[in-house]
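Peer 1: my questions are about this predicted structure, shown below with the sequence.
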Amino acid sequence: MEDWVKLESFDRPHQAEIRKTILEQNNINAVVINAKDSLFLIGEYELYVRKEDEKMAHAIIEEFHGLTKVDSFILSKPLENLRDILLQNGIKAEIKKCSNPRYVLNNYELFVPTEKIDETLPFINGEKLEGWSLLETCLRTRQTRFRVELLDEKHIPSIVIKKRDEQYMKAEIDIYVKTADLENARQTLSDLIGWIKINDYSMLHRAEIRENLLGKYNIRSIIVNNNGKYELYVECSNEEKAISIINERKEWKNAATYNSQIKADYAMAILEKAGIEAVTITRLDRDFMFDVDLYVDEINYDSAVEILTNINESEKE
């Protein structure tokens with residue numbers, strides 16, 4: 001790693017991963033190296049950036065000095081509700097909007113002082129969210145967003161909390177509503193008034209591919225698990241268009257798998273620039289680690305693999 005320099009060292013992996021994510025969201029490549037001794041488990045987690053990015057990386061990290069990200073979402077209101085609860089309990093919290101034009105990502109992130117993490121955790125895991133109840137748990141951000149938007153249309157406030165494991169990997173996303181609104185919220189997501197089922201699938205990833213594809217055409221869709229069948233709903237006004245889009249592409253193949261959503265999004269952007277439509281699906285294992293599968297239409301599979309192989313080879317040089 002001749003062209004790389006160590007930016008910081010940390011005792012815990014999530015501390016390094018948080019900074020790595022912040023840098024990548026600002027178009028700076030970063031890697032975390034586990035420098036712990038495998039026998040004695042002593043040492044540090046080291047964060048590296050390229051030499052030409054060192055000054056900018058230091059400036060970006062300094063902005064977040066003393067703060068730790070505890071939650072994030074693509075809509076601000078659910079985070080504002082959580083922030084207000086933390087403030088009411090004497091925990092200073094602030095929301096930062098993070099935009100990344102390279103990957104077309106927009107996210108709102110909730111930060112608290114690092115020394116307040118232990119006080120914050122009971123709120124993040126739901127133990128101290130007094131007056132709020134868990135409504136539903138989702139695996140995907142977009143599915144969470146659609147549900148939050150439905151609740152918002154009914155004037156039902158919500159809180160979204162992304163649960164993470166000890167390696168700071170995304171596991172599940174919890175939606176909380178005020179306990180007084182719980183039954184109304186459940187009914188709202190159950191009735192799906194104004195929505196219509198267009199298909200069902202025996203495997204979740206097949207439904208997710210179609211949901212992702214429809215999203216590219218700005219069509220909202222919701223996946224409902226009905227006794228092991230994954231039903232795909234769209235707004236009634238989009239029924240005909242959605243069915244047409246899905247029927248045009250019936251066979252999808254996994255062209256690559258990544259351990260980072262950012263890497264997968266970058267590969268997807270390269271493919272689409274070459275005229276190859278692609279979708280990404282996040283896949284969780286039993287240990288809550290995740291991989292991101294990149295799917296393409298079977299007709300374009302060979303071309304996609306060739307392009308992705310060239311990308312990998314150029315990055316190694």
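Peer 2: In hand now; what should we look at?
Peer 1: and stretch 144-164, which residues are buried?
Peer 2: Buried residues in stretch 144-164, counted by 16 or more other CB atoms under 10 Å: 144-148, 150-151, 156-162, 164. The C-beta positions use only the backbone N, C-alpha and C, and glycine is treated the same way.
Peer 1: of these, closest to Ala242?
Peer 2: Nearest to Ala242 out of these is Phe146 (CB to CB; 13.6 Å).
Peer 1: quick check, that closest one in a helix?
Peer 2: Yes - under DSSP: H, G, I helix; E, B strand; the rest coil, Phe146 falls within a helix.
Peer 1: if I look at it, how far off is Thr282?
Peer 2: 16 Å (CB to CB, to the nearest Å).
Peer 1: repeat for Leu232
Peer 2: 17 Å.
Peer 1: what does the helix or strand harbouring Ile175 contact?
Peer 2: Using DSSP states H and E, Ile175 maps to strand 170-178. Contacts of strand 170-178 with the rest of the structure, by CB atoms under 8 Å, 6 or more residues apart in numbering, involve 126, 129, 131-141, 144, 147-148, 151, 156-165, 185, 282, 284, 288, 290.
Peer 1: now, those residues that are in strands?
Peer 2: The members of the contacts of strand 170-178 that map onto strands under DSSP state E are 132-138, 158-164, 282, 284, 290.
Peer 1: residue nearest the centroid of the protein?
Peer 2: The centroid of the chain falls nearest to Thr141 when counting by CA atoms, centre = their mean (5.4 Å).
Peer 1: secondary structure element for Ala255?
Peer 2: Ala255 belongs to strand 252-258, assigned by DSSP H and E.
Peer 1: Leu232 and Thr282: which is more packed in?
Peer 2: Leu232 (21 against 16; other CB atoms under 10 Å).
Peer 1: buried residues of the lengthiest helix in the chain, list them for me.
Peer 2: If you go by DSSP state H, the chain has its longest helix at helix 301-316. Using 16+ other CB under 10 Å as the test for burial, helix 301-316 gives 301, 304, 307-308, 311.
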